[in-house]
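> all I have is the shape, not the residue letters:
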């Protein structure tokens, strides 16, 4: 390891040694990465093949933990929940973001104000936002039900009904990320040369046609970026369901709200690893979740690329 | 001349109503975006019973101090905020130094293994956090850091995103000629960083600093896991506990949420314009 000892004899080592300031300059990141990044990832792979509660002997169990994950009905439930929440948050989020961005792109007035106002949800603490929406979706009489009652619509049991719970969680995500994605799309739209739009206008294309025939195809790389980011972060949702529906485990051995309707994959991982101290099983779940996300991100990548062709 | 013709057309007739509609639409979006803050204030300044009846109170009330006093009774609010400030400030200072120094090196210097090491850094992006959470926790227990604030600060002291973003920034912002001139004057590597690069990259540091501060302030998952000592929590974890224990006292909890959100929203609004532009740059280029 130490370049001063035996490397000295090797030709070229003087060359390497002359770069010591550069290596020193980048070393903090790589040291932190080795201790808190690389080692933990490798160790969690090792853990996934063992049974261990953190105190006693570690027991090698081969692929058994992975078999448990795949036979675990609660894990499949959490996967289903995660995907439902992902769909009902991401689809409206990205669609609205595109429309907002197109509107912003064709107006100059107040644009600085709009940008700040649309971006603020993104920097607001997720814990506070989740608590806020929990209060708003409360059955007797959160603001949502109060408004529904006022306009004569049936009220909902948002925090106890399986679909209502998912809508509550998805609302938090949609509120927090729509503006961010709109600003990203806007930046992309501003790189589309204006003569492309002028040519379309001369050809008699209306605003809707221009939006679908020019704006969206030319935004393809950025849409791809946002889809991948929303996939990776949406499928890892944890804080929203944990704050809204995580329970005190000494009182209730399950988590994720009534009927575990808002149990997501990462919340289930957290529950097994840190509430139940089942480190081997937790690690196995984490790797399965990783595989699911990687696979799904790859599928999305292919779909978006092909559809836009 | 053509430009003039194009410009006069929209002002007359047809475009005006559409422009108005557009602003109405955008304003509706702004209301959705900002309404939660208003409603948070309404809840925090009224009693819970005034909000949770039908029809609810919709205006700002006068119970704010009572609600805040209740927050202070239930959780050690100032201690939690103090911890959050310590963590956010130390993380930001360390990230600014380590990330900019590493980024400067990757952007402006050739050295053996540069490409491979930068590739390794990029690969870090791909690893989802939950893969390493259990062993990270075990490492902290081994170090005796579980429950301590350094468990939050040290792992966050340098990160792949910051180095990647700063490298892009420095490549464009620091002219090679300036570094060559400094070299001719006998400036070594570290003096080139300190005296030449740092003054030029201040705007980039401002973005990375605000970004890091926001992330550290709002961080929840890792503090929730590693802060095992209930007397030493960050604001987010304390707030979540307040919510879990006194979930029915909405006004009190909203007062707590408001206090935790306000400093960041104010800070962000002050720096917002440049910040948003820089935040977008990374995404659009990537």
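Happy to help now that I have it. Since we're looking at a predicted model, the values are computed, not measured. Residues are numbered from 1 along each chain as shown, chains lettered A, B, ... in the order given.
> all contacts plus neighbour counts: C-alpha atoms, from now on.
Noted.
> show the contacting residues for residue B:70.
Shown in contact with residue B:70 (C-alpha atoms under 8 Å, 6 or more residues apart in numbering or on different chains): residue B:252.
> so how far is residue A:131 from it?
Distance, residue B:70 to residue A:131, using C-alpha to C-alpha, to the nearest Å: 17 Å.
> for stretch B:130-141, buried residues please.
Burial within stretch B:130-141, assessed by neighbour count using 16 or more other C-alpha atoms under 10 Å in any protein chain shown, is assigned to B:130-140.
> cool, stretch B:87-94 as well?
B:87-92, B:94.
> quick one: that stretch near chain A?
No. On the criterion C-alpha under 8 Å from any C-alpha of the partner chain, stretch B:87-94 is out of touch with chain A, staying 10.0 Å away.
> and for that stretch, what's in contact with it?
With contact meaning C-alpha under 8 Å, 6+ apart, stretch B:87-94 is reached by B:149-150, B:152-154, B:156-158, B:209-210, B:212-214, B:216-217.
> centre of the chain to stretch B:204-218, how far?
5 Å (C-alpha atoms, centre = their mean, to the nearest Å).
> oh, I was asking about stretch A:110-120
Its chain's C-alpha centre and that of stretch A:110-120 lie 23 Å apart, by C-alpha atoms, centre = their mean.
> so which bits of it are buried?
Neighbour counts over stretch A:110-120 (16+ other C-alpha under 10 Å) mark A:114-120 as buried.
> out of those residues, which are close to chain B?
Among these, chain B is touched by A:114-120 when using C-alpha under 8 Å from any C-alpha.
> possible to save these as JSON lines with secondary structure and pLDDT?
Below are these laid out as JSON lines (DSSP: H, G, I helix; E, B strand; the rest coil; pLDDT from 0 to 100):
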{"residue": "A:114", "secondary structure": "helix", "pLDDT": "94"}
{"residue": "A:115", "secondary structure": "helix", "pLDDT": "92"}
{"residue": "A:116", "secondary structure": "helix", "pLDDT": "93"}
{"residue": "A:117", "secondary structure": "helix", "pLDDT": "95"}
{"residue": "A:118", "secondary structure": "helix", "pLDDT": "95"}
{"residue": "A:119", "secondary structure": "helix", "pLDDT": "94"}
{"residue": "A:120", "secondary structure": "helix", "pLDDT": "95"}
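> widest-spaced pair of those?
Pairwise distances across those peak at 10.2 Å for A:114 and A:120 (criterion: C-alpha to C-alpha).
> out of the ones next to chain B among the buried residues of stretch A:110-120, which comes closest to residue B:25?
Closest approach between these and residue B:25, by C-alpha to C-alpha: residue A:114, at 11.4 Å.
> which residues are in contact with that closest one?
Here residue A:114 is in contact with A:104, B:26, B:30 (C-alpha under 8 Å, 6+ apart).
> which one of the residues you listed is nearest residue B:271?
Among the contacts of residue A:114, residue B:30 lies closest to residue B:271 (C-alpha to C-alpha), at 18.9 Å.
> residues touching the closest one, list them.
For residue B:30, counting by C-alpha under 8 Å, 6+ apart, the contacting residues are A:114, A:117-118.
> can we see that at 6 Å?
By C-alpha atoms under 6 Å, 6 or more residues apart in numbering or on different chains, the contact set of residue B:30 is residue A:117.
> can you pull the phi/psi pair for residue B:249?
Per-residue torsions, residue B:249: phi -90, psi 70 (degrees, to the nearest 10).
> so how far is residue A:92 from the closest residue in space to it that isn't next to it in sequence?
Of all residues not flanking residue B:249 in the chain, residue B:48 sits nearest, at 6.2 Å (C-alpha to C-alpha, 6 or more residues apart in numbering or on different chains). Using C-alpha to C-alpha, residue B:48 is found at 32 Å from residue A:92.
> what about these two, which has more around it?
Higher neighbour count among residue B:48 and residue A:92: residue B:48, with 20 against 14, using other C-alpha atoms under 10 Å in any protein chain shown.
> I figured that one hits residue B:253, correct?
No. Counting by C-alpha atoms under 6 Å, residue B:48 stays clear of residue B:253, with 9.9 Å between them.
> mind listing the strands for chain A?
For chain A, the strands defined by DSSP state E cover A:50-51, A:59-60.
> point out the residues in the stretch 101-250 of chain A that sit beside chain B.
Neighbours of chain B within the stretch 101-250 of chain A, by C-alpha under 6 Å from any C-alpha of the partner chain: A:117, A:125, A:128, A:141, A:184.
> skipping adjacent residues, who's closest to the first one in space?
Translated: residue A:117. Using C-alpha to C-alpha, 6+ apart and skipping residues adjacent in sequence, the residue nearest residue A:117 is residue B:30, 5.9 Å away.
> averaged pLDDT, the helix or strand hosting that neighbour. What do you get?
If you go by DSSP states H and E, residue B:30 is part of helix B:15-44. Mean per-residue pLDDT for helix B:15-44: 89.
> how far is it from where the chain is centred?
Here helix B:15-44 is found 24 Å from its chain centre; the criterion is C-alpha atoms, centre = their mean.
> C-terminal to it, what's the next element?
helix B:48-51.
> so for residue A:224, what pLDDT did the model give?
On pLDDT, residue A:224 comes in at 89.
> just give me the neighbour total for it.
Close neighbours of residue A:224, defined as other C-alpha under 10 Å, add up to 18.
> how far away is it from residue A:299?
12 Å.
> what confidence value was assigned to the residue nearest to residue A:100 when sequence neighbours are not counted?
Nearest residue to residue A:100 in three dimensions, chain neighbours excluded: residue A:182, at 6.1 Å (C-alpha to C-alpha, 6+ apart). For residue A:182, the pLDDT comes out at 96.
> residue 54: neighbour count?
You didn't pick a chain, so chain A it is. When neighbours are defined as other C-alpha under 10 Å, residue A:54 has 13 of them.
> think we crossed wires, I meant chain B
With other C-alpha under 10 Å as criterion, residue B:54 counts 17.
> what do you get for the one 10 residues further on?
As a burial measure, the neighbour count of residue B:64 was computed by other C-alpha under 10 Å and equals 21.
> shouldn't it be in contact with residue B:45?
Yes. Using C-alpha under 6 Å, residue B:64 is in contact with residue B:45, at 4.1 Å.
> state the helix or strand in which the most centrally placed residue in chain B lies.
Per C-alpha atoms, centre = their mean, the C-alpha nearest to the average position across chain B is that of residue B:214, at 2.1 Å. For residue B:214, the host element (DSSP H and E) is helix B:202-218.
> after that helix, next one along is what?
Proceeding N to C from helix B:202-218, the next assigned helix or strand is helix B:221-226, under DSSP H and E.
> ok, that following helix near chain A or not?
No. Judged by C-alpha under 6 Å from any C-alpha, helix B:221-226 makes no contact with chain A; its nearest approach is 7.1 Å.
> cool, stretch B:120-138 as well?
Yes. Applying C-alpha under 6 Å from any C-alpha, one finds stretch B:120-138 touching chain A at B:131-132, B:135-136.
> export those residues as CSV, with columns for distance to residue B:183.
As requested, the residues of stretch B:120-138 next to chain A are exported to CSV (distance: C-alpha to C-alpha, whole Å):
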residue, distance to residue B:183
B:131, 44
B:132, 42
B:135, 44
B:136, 42
